[in-house]
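Undergrad: sequence unavailable; structure follows:
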């Protein structure tokens, strides 16, 4: 028998517990991939590491490769962003410093090593998607610089490879820290070369 009181079901908070669980799973996956490699992790390990039930992992990511891809993309988000302050030299220097900062952490080093075999075997599309994300961010920033006359027309993918390659080289050698001076020199040389090669009008 009703007591006349109206009972309301509490509204679900958007992005509440499920968002937290997803973040825990993504973080656990990225750390396990860094530790064991892409081919070596299991759903059971992810669930245990994340502190969730295995069914939560399967329910959110029934496809194993999608889980790996999203976890790596989640980790790489900050490494793919390029600011637009109106100063292309400064923005690229800051981009290289952020990239080096991520790679120089123990987690970044381990993850960098873990994804190398995947690039060779092409078993997981995560690496390609991360690279696509970086290329898109770089293209947008470079295109804006070209439109504003900061740079002559240039292949943004080529520019990105030219400036980021030395960062990976220095960091992976592990003999010294990557510094702002390094970033300034790399960006300065690359941009000077691009401007020098531009057709004279």
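TA: Everything's here; your move. Keep in mind that what you see is a predicted model, and the values were worked out from it rather than measured. Numbering: from 1, shown residues only.
Undergrad: distance of residue 170 relative to residue 73?
TA: 25 Å (Cβ to Cβ, to the nearest Å). All C-beta spots, glycine's among them, are computed from the backbone N, C-alpha and C.
Undergrad: an error on my part: the question was meant for residue 183.
TA: Counting by Cβ to Cβ - residue 183 and residue 73 are separated by 24 Å.
Undergrad: more neighbours: those two, which one.
TA: residue 183 (23 against 17; other Cβ atoms under 10 Å).
Undergrad: mind listing the helices for the chain?
TA: Assigned by DSSP state H, the helices in the chain fall at 17-36, 43-50, 54-60, 64-76, 88-104, 106-121, 126-147, 156-173, 180-197.
Undergrad: dump those helices to TSV, plus distance to residue 82.
TA: TSV is the format used below for the helices of the chain (distance: least, Cβ to Cβ, whole Å):
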stretch	distance to residue 82
helix 17-36	22
helix 43-50	31
helix 54-60	30
helix 64-76	13
helix 88-104	5
helix 106-121	18
helix 126-147	4
helix 156-173	9
helix 180-197	12
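Undergrad: those helices: lowest mean pLDDT?
TA: When the helices of the chain are compared on average pLDDT, helix 106-121 comes out lowest at a mean of 61.
Undergrad: per the record, what domains does this structure have?
TA: 17-72, 77-197 (automatic domain parsing).
Undergrad: let me see the contact set for residue 26.
TA: 70-71, 74 (Cβ atoms under 8 Å, 6 or more residues apart in numbering).
Undergrad: mind checking which of these are buried?
TA: 70-71 (16 or more other Cβ atoms under 10 Å).
Undergrad: ok, the contacts of residue 26 vs residue 19, which is closest?
TA: residue 74 (12.3 Å; Cβ to Cβ).
Undergrad: so who does the closest one touch?
TA: For residue 74, the contact set (Cβ under 8 Å, 6+ apart) comprises 26-27, 30.
Undergrad: please repeat the previous calculation with a cut-off of 6 Å.
TA: residue 26 (Cβ atoms under 6 Å, 6 or more residues apart in numbering).
Undergrad: so how far is stretch 83-93 from its chain's centroid?
TA: Centre-to-centre, stretch 83-93 and its host chain are 19 Å apart (Cα atoms, centre = their mean, to the nearest Å).
Undergrad: distance check, the residue lying closest to residue 56 once chain neighbours are set aside against residue 171.
TA: Nearest residue to residue 56, sequence neighbours excluded (Cβ to Cβ, 6 or more residues apart in numbering): residue 21, at 5.7 Å. As defined by Cβ to Cβ, residue 21 lies at a distance of 33 Å from residue 171.
Undergrad: pick out whichever of the two has more residues nearby.
TA: residue 171 (21 against 18).
Undergrad: so how many other residues sit close to the nearest residue to the more buried one once chain neighbours are set aside?
TA: Of all residues not flanking residue 171 in the chain, residue 103 sits nearest, at 4.5 Å (Cβ to Cβ, 6+ apart). Residues near residue 103, counting by other Cβ under 10 Å, number 19.
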